[in-house]
Every structure is written in C-alpha cells, then in structure tokens.
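A.B. asks: any chance you can model this:
(3 chains)
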Amino acid sequence: MSSVEIRNLILTAIALGVCILLPMADSGYWLSIGLSIAMFTVLATSWALFSGPTHYISLATAAFFGVGTYTTGLGFETLPFWSLVALAGMFGALMAALVGLATLRLSGVYFVIFTLGLAELVRQVITWAQNQSGQKGLYVLTDITEAMIYWMLIALAAAVYLTGWLIGRSRLGFALRIIGDDETVAAHSGINTARAKVLLFMVPGAVAAMTGAILAPRYVYIEPSLAFTPMLSFQVVIMALLGGTGRLWGPLAGVVPFTLLWESISSNFPNQTTLLLGLSFLLIVYALPRGFVGLLDRLRQRVTGGVS
Amino acid sequence: MSPVLSLRGATKRFGGLVAVNGIDFDVAEHQVLGLIGPNGSGKSTTLNLISGALTLTSGSIKLRGAPISGLAAQDITRRGVSRTFQLVRLLPSMNVRDNVIAGAVFGHRRRWGAEARDFAESLLERVGLGGKGQMPIGQLTYIDTKRVELARVLASDPTLLLLDEWLAGLNPTELQDGIALIKSLRDEGRTIILVEHVMDAIRSLCDRCVVMSSGTKIAEGTPGEVLSDPNVIRAYLGDDDA
Amino acid sequence: MDILITGLLLGGTYALIAMGLNLQYGVARIMNLANGELLVAGGFGAFFFYTSGQVSPFLTIFLVAPAAFGVSWVIYRIMLRPLVNRAKSRGQLETDSILATFGLSFVGVGLMLAAFGGDYFNYSYLARPITLAGDTFALNRVASFLAAVVICGLLYLWLNRTRAGLSIRAIAVSPDSARLVGIDVPRMAAIAFALGGAVTAVGGALISTYLTLDASAGVIFTLKALIIVIMGGVGDVRGTIVAALFLGVVETLVASLIDPGLTLAAAYALFILVLLFRPQGLFGKTPT
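C.D. replies: The predicted model follows:
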C-alpha cells in the first residue's frame, strides 16, 4: 500500500469512528437525519459502483429495497435478524442477476425502462398476493432500536466502501473502466462484457436489499406502497450523480447536502418534493454533469494547470 | 504444418447485399498476408468476421485447426487473435500505459499487476513511446495514438495480429516510421494480416496478398504477382484501362 | 369477445400515445420520459374545458394539439438540442436525455400538483352504452378509438405521402446521410419532437374521457408507451400500432380474468418476452 492509501484508510477509520458516536450525542432528530444519511450513503455509493463506470442508470433501488424489507417482514418471527439481512442480500443479488441477464446485453434505454418499472411490478405482484391471502400489510415488531439500525447501516457503509475499494483494484474494476470507455475495445481485449456488468450489478442489488432488511424494523408496519416507493430510486440516482460517480467518496458529497435539503423541503413544502427532484435532475444535466467531484477536479486543474 | 488461420467459404450477407462471398485463404505461421482491394470490396468485413465483430452467414474460420467462427469477439481474442481498428479506438479516460495494460489483462496470455505494468512499459518502448506512459490520450499525435493501439493489441501476446489500415492517414515521414515498425514486427516472426491501401507498404511488408473485389477473391500470390495480374488491375482501374 | 373489443379500444389510444413517443425517439433520438406528463396535461386540458365550459373533448384536441406542439418545440430547442450538440456519443446523449427528461417529468408533475392539486379527476362525457357485436360498450371509449384511428391514419399518410414526412423518415434511418442530401436535420428533428408531443397530448385528452387521471399518473403511461415502442420497433409505425393493440388486449385480459391491479405486471411480462426473444421489435429485421 502506498502512503496515500494508508492516509486515506486512517482518515476513513476516524470518520467512521466519529459516525459511530452519533447516537450517544442525540437520539432524536439528529439521529434520524444521521440514519437517513447513512442509508443513502450505502445506497448511493453502491449504486455508483455499478452505474459510474458503466453509465447505465439503474432505477431498481426501490425494488431491491422493498424485497429486503419484505424479507425481514415475513421472516423476523422465525429466523434470527442477521440471517434475514444475509438472506435479503442473496435475494437482491439473485434478482439483480436475472434483471442483468435480461437487459444488460442491450442498450442503456432498455435497462432504464426495465428498472423503472421493476419496483412497480414487484409491488403489484405483492399487493395481488396479499389480496389473495386477505392481508393488507405486515407488522414488524422487534426490540431493535433506531441506534442499532444506525450502527448496522454504518457497518454496511464500511463494507460497501471496502468492496468498492477492492473492486477498484481488481480486474473486474479495470474491466468495467474499459467497458465504460469503449465497449467494442473491451470485447476485443478479451473481456466478457455482459458477464462483468451482470456481476457488478449484483453488488447494488444485494446492498439495497440488505438496507431494506435492516430498515424494516424502523417502519413497524410495512405495506407495498411504502416498501416499494419509487421516489427512493430517484433520490439515490440524484444523490450519486450530484456528488459524482468518478470517485468512491463522490456520492457521499451528494448525499449529505441533498438529504438535508430534502428534509427541510419535505417538512416545509411537502407538495414540492417532486418539483425538487425534477429541478435537481436538470441541475445535474446542465450544470454539474460530473457532479461535485467533477467540479472540484476542474477547479483543481485550473489552479495547478493554469500555466500550461 | 497446419496454417495459423484458414477461411473456407466465408460469406457475409447484409440483407440482400453479399459483402463477403465465399472467401478461401490460409495464413501460415510467421507469414504477413496483405488483404487488399478497392474500397468497398469487403476487406474490412472479412477482418471483422475473423475478429468476431461480425458473425458469418456461412462458411468457416479456423484458428490452428479449431473453429472460431460463431464465437464472440472476446473469446476469439482470448484464443489469440487481436486487432486494431480502422478508426483508432483508445480509452479516453485512461493514460497511455493503462490503455496498453487493457490489452494485457484479459487476453490470450494474461498478465496483471506489476507484471502487466512492466510488460506495458516494454511494449511502449517497443512501439516508440518509451517514457510516455503517464501521458493522457488527448495529448497524443495521430501516429502516437496508432502506436498506443498497436501496443495494446500486442499486449495480449496474440498468435495472429489483424491490422486494419494501420498505415492510413499518416503523413510521409510518419508513414516511413510506421512501415519500419510493422517490418520490425514481421522480423520478430509474428503472423499478421494487413488490410492496406498503401502500395509501398504492401510491396515491402507482405509475403503474400489476397485481392478482393466486390466481396470475392480475385487473385492470390506474392505482391509482385498479384499487382501485375490483369484481373487486379481491372478491379482497381476499371475495364477501359485493362 | 367483449374483452377483445375492449382491449382493442384501449389499444387504439395507446397506439396514439406510443406513436408520439416513437416520433420523438426515432427521429429526434430523445427517449422522452416526460411523455406521460404531457399526456396528463392534455387530459387536464380536456377536463378543464369540459367542466368549465361544457366543451367537447373532441373539440378541445384542436386547442391541446397546437399548445402541446408549441411547448414541446420550445423544450426541444432550448433544453434538448444543446444536449444533442454536446454529446460525444450516442450513449452519452442517451444518458443525458434520460436524466433531462426525467427532470422535466418531475417538474411537470410538480407544476401540475401545484396548479391542480393531487386529486384524481374525471368527468362524465358520452358515458352512454352502445351495442357492438352483441355486447355493450361505453360510447366514449368507442369515440376515442375512432378519433385515434383517424389521427394515426393522418399521421401515417403524412409520413408516407408528403415531402416533410419523407425527410422525417430519412432522418430516422440515418441522420448523417439525411444531412448530406440537404435536409435541415435540427429543424426537422424539432418538428418531429413537437409533433410527437402534440400527438401524445391529444391521446391524453382522448383517454381522459374514460380513464381517471391524476397529476402523477404520467409515469405509468410513459412506461406503457416505451414498452409498446420497443415491442413494435423504433421508427416502425405499423409495428407500434400492432404492439399497442396487442398490449391493450393483454391488459384487458389480465384485468378481467386475474386482477385489475396486475396490468403493469402484464405489460412487463410482454416486455420481458420481447427483450429475450425479439429485442429488435416484433417486425424488426435481425440486426446485422
């Protein structure tokens, strides 16, 4: 490891340590904000692991997340909680693999459309199944506190960062950078492009499902329209792109400001959240095509490269 | 000895158009084969069929006796066929060295980590880009982009090298450098198929030539033979001049 | 039998909406994910004029169409053309336009929520029964279907019989060659995009006579239109119509035989089958 990597590792460890202390300081409003930030950090960072290099925009987060919450909802009485999280991860990865196999061979448009409707599809099927069995929703009554959920999310975030770092150093990560640049070159360099993409897509699939499984006890009562809210997918896309997908820490730079903004808008102008989403998308496309990370890189280039 | 590559009845149809029509030829070990012919005669399509960029409509292509027609491009690359592109294709987000490493990691003979880095550096030296490994792609001259692509293709230690108009678009000085570079590859004993228009290059580089016109093979032989063949002259210049 | 006819009636309007999207994607190369919002806006227009002035929705379309044409044209020139110009590759344009039109879609929903609130809206127009082939159907569905057929027919004639239509089809096949033969590609692309918007909004006005809409209903229609376009093949008018009618029938079948809540699931099942077996569309040629 180089000295820069060791420094980054130490900084990350310190940052994580500070995050872990939050529930000691406050167990009300700020813990719930911290929880949202931790959740979106996990979701947006894992999303960017796939969508950053491949440029495929996945809107399937809500679908994976919902499958995760239902895993906990259906199993918490019979299985230990940690095994449900693991199980949710497997379901998410499996589902992502199936979606990937069907769509990732084709162009990006097909993928977006497919993932856009995926959450709605699963929601309809679950609603239908519930109607058949006569239930409406599920009660998830556990003794898991908000602080515990928060800690689990922080641990998951650490795992996501570690995974991202390892992928970045692996052949798979390198293959994906090549695919992102030029898929034809990738294939003619011996890369099985479809396989690489499907493998990588399983990461955000698994992570989002695990996040859903962890968060389920917080909702207490889950029903399809809550577990599969499409808004979640869009929030994740915006946060990741706003921060920038070029770096591992990029999405975090989008998650923190956007979560705070979202909280304040949705508590003050609850009807304007859709408008906020829309304007954020437009802001990203027209003003920040590479996110805050790209903006920072440009500024840095202007400072250091001003002479040449 | 069995040929490195053999095409038998290789045919490609696009709808009603027959772009490549029943082509047969062999490439022997250490041979440089020129694939020549007027524009639109099907040379590049033939190359795309060999590299797996396109799939055959009928016929067969064998690499050292084993069929490769019908395989995906990545599998053909892994079996040892590497190509350059008619319009240079590099990876814009990476520096020169990573562009070369890209060819080394997943190809025929795989390298990774320090081994791939060292190998890439040695290839850059080999194609005349020593010390430029850290340069971004955007700052390269035209011939240097071609050198990077060549180094990337060499990085997988290919059994067979396909060069698609690698010399096209170079200015006269660059052209001399380019021909010298390919000649040095030939002297290493590499097996190469060249799709080329530059006659000087064909004369000085090729052991044998296959001439195509309207999708069919119209002549095959040494460069001297085929370039004096009346059929070939007619194909290039039209009937009146024959 | 009545399922089949109900399905076909629904599919007729779907065809109109999908034609709008297909024009936009096939010619202007913009996958317009805000398409559904324009549809809802068209529906709102019809609702507004009917409830406030008893104006027939079939007359309102003559107002809705030029308005939607104008709005779409402005959006294309101001917001989307710059993306086309800056895109270095087809893939980048795809990503940019997906994000931008998502943005527009949410802005559209947000504005409509602010203007009309989040309520469902419907109104009763031509809600009389009519007997066809022994079964009864709502007259508004039949009338909407006929209007959709007329508009699809006109569009088809325009694309296949006029000079402008020829230019549009030429761009759909090859934008670069179209430029070489003297077609003003940016201008025609803007017109195609605007026309697509107008057709969609008219579809919305028609569908509002028999379906209940609300400000956020657009995305479902966008999805269905996208599925139809992909099923029918990009730039293929005939394929779009067949796929739309097919989807209408399948949806109606699922809704009446299994559960009305599963219509999107049905559309998805079709979509998956198409992706797996005919990704080039029902009538598309195998890509070479």
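A.B. asks: strand partners of the helix or strand hosting B:Lys217, parallel vs antiparallel please.
C.D. replies: Using DSSP states H and E, B:Lys217 sits in strand B:216-221. Strand pairing for strand B:216-221, determined by DSSP bridges: strand B:208-213 (antiparallel).
A.B. asks: and the strand it pairs with, C-alpha only, in PDB?
C.D. replies: The C-alpha trace of strand B:208-213 is given here as PDB (Å, rounded to 0.1, in the frame of the first residue of the first chain):
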ATOM      1  CA  ARG B 208       1.500 -12.900 -49.900                       C
ATOM      2  CA  CYS B 209      -1.500 -11.000 -50.900                       C
ATOM      3  CA  VAL B 210      -5.200 -11.800 -51.300                       C
ATOM      4  CA  VAL B 211      -7.000  -9.400 -53.600                       C
ATOM      5  CA  MET B 212     -10.700  -8.900 -53.100                       C
ATOM      6  CA  SER B 213     -13.200  -7.200 -55.300                       C
END
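A.B. asks: which residues touch it?
C.D. replies: For strand B:208-213, contacts defined as C-beta atoms under 8 Å, 6 or more residues apart in numbering or on different chains pick out B:23, B:25, B:31-38, B:41-43, B:46, B:202, B:217-223, B:226-227, B:229, B:231-232, B:235. Backbone N, C-alpha and C define where each C-beta goes, glycine included.
A.B. asks: so for it, mean pLDDT?
C.D. replies: For strand B:208-213, mean pLDDT is 92.
A.B. asks: ok, B:Arg147 touching B:Gly128?
C.D. replies: Yes. With contact defined as C-beta atoms under 8 Å, B:Arg147 reaches B:Gly128; the gap is 5.9 Å.
A.B. asks: filter the contacts of strand B:208-213 down to the ones in strands?
C.D. replies: B:23, B:25, B:32-36, B:217-221 (DSSP state E).
A.B. asks: in those residues, find the pair that's most separated.
C.D. replies: Pairwise distances among the ones in strands among the contacts of strand B:208-213 were taken by C-beta to C-beta; the largest, 20.2 Å, belongs to B:Val32 and B:Ile218.
A.B. asks: more neighbours: these two, which one.
C.D. replies: Neighbours were counted for B:Val32 and for B:Ile218 using other C-beta atoms under 10 Å in any protein chain shown; B:Val32 has more, 22 against 17.
A.B. asks: report the beta-bridge partners for that one.
C.D. replies: Residues in beta-bridge contact with B:Val32 (DSSP bridges): B:Ile192.
A.B. asks: okay, it: pLDDT?
C.D. replies: The model reports B:Val32 with a pLDDT of 92.
A.B. asks: contacting residues for it?
C.D. replies: When contacts are counted by C-beta under 8 Å, 6+ apart, B:Val32 touches B:186, B:191-192, B:194, B:205-208.
A.B. asks: of these, closest to C:Met231?
C.D. replies: Closest to C:Met231, out of all of the contacts of B:Val32 and judged by C-beta to C-beta, is B:Leu194, at 44.8 Å.
A.B. asks: how far away is the closest one from B:Arg203?
C.D. replies: 12 Å (C-beta to C-beta, to the nearest Å).
A.B. asks: the two: who's more crowded?
C.D. replies: Using other C-beta under 10 Å as the criterion, B:Leu194 and B:Arg203 rank with B:Leu194 on top: 26 against 14.
A.B. asks: distance between the helix or strand hosting that one and the chain's centre?
C.D. replies: Element membership for B:Leu194 (DSSP H and E) is strand B:191-195. Centroid displacement of strand B:191-195 relative to its chain, using C-alpha atoms, centre = their mean, to the nearest Å, is 5 Å.
A.B. asks: who are the packing partners of that strand?
C.D. replies: strand B:32-36, helix B:43-51, strand B:160-164, helix B:172-187, helix B:199-205 (3 or more C-beta pairs under 8 Å, 6 or more residues apart in numbering or on different chains; DSSP states H and E).
A.B. asks: can I get the CA coordinates of the second one in PDB?
C.D. replies: So that's helix B:43-51. What follows is helix B:43-51, C-alpha atoms only, in PDB (Å, rounded to 0.1, in the frame of the first residue of the first chain):
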ATOM      1  CA  LYS B  43     -11.700  -6.400 -46.800                       C
ATOM      2  CA  SER B  44     -12.700  -4.800 -43.600                       C
ATOM      3  CA  THR B  45     -15.800  -7.000 -43.400                       C
ATOM      4  CA  THR B  46     -13.500 -10.000 -43.700                       C
ATOM      5  CA  LEU B  47     -11.400  -8.800 -40.900                       C
ATOM      6  CA  ASN B  48     -14.500  -8.200 -38.800                       C
ATOM      7  CA  LEU B  49     -15.500 -11.800 -39.400                       C
ATOM      8  CA  ILE B  50     -12.200 -13.100 -38.300                       C
ATOM      9  CA  SER B  51     -12.100 -10.900 -35.100                       C
END
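A.B. asks: who's in contact with that helix?
C.D. replies: A:188, B:5, B:7, B:10, B:12, B:19-20, B:23, B:35-37, B:54-56, B:61, B:68-69, B:73, B:76-77, B:81, B:83, B:86, B:162, B:164-165, B:193, B:195, B:212, B:215.
A.B. asks: please enumerate the strands of chain A.
C.D. replies: Going by DSSP E, chain A shows strands at A:138-139, A:221-222.
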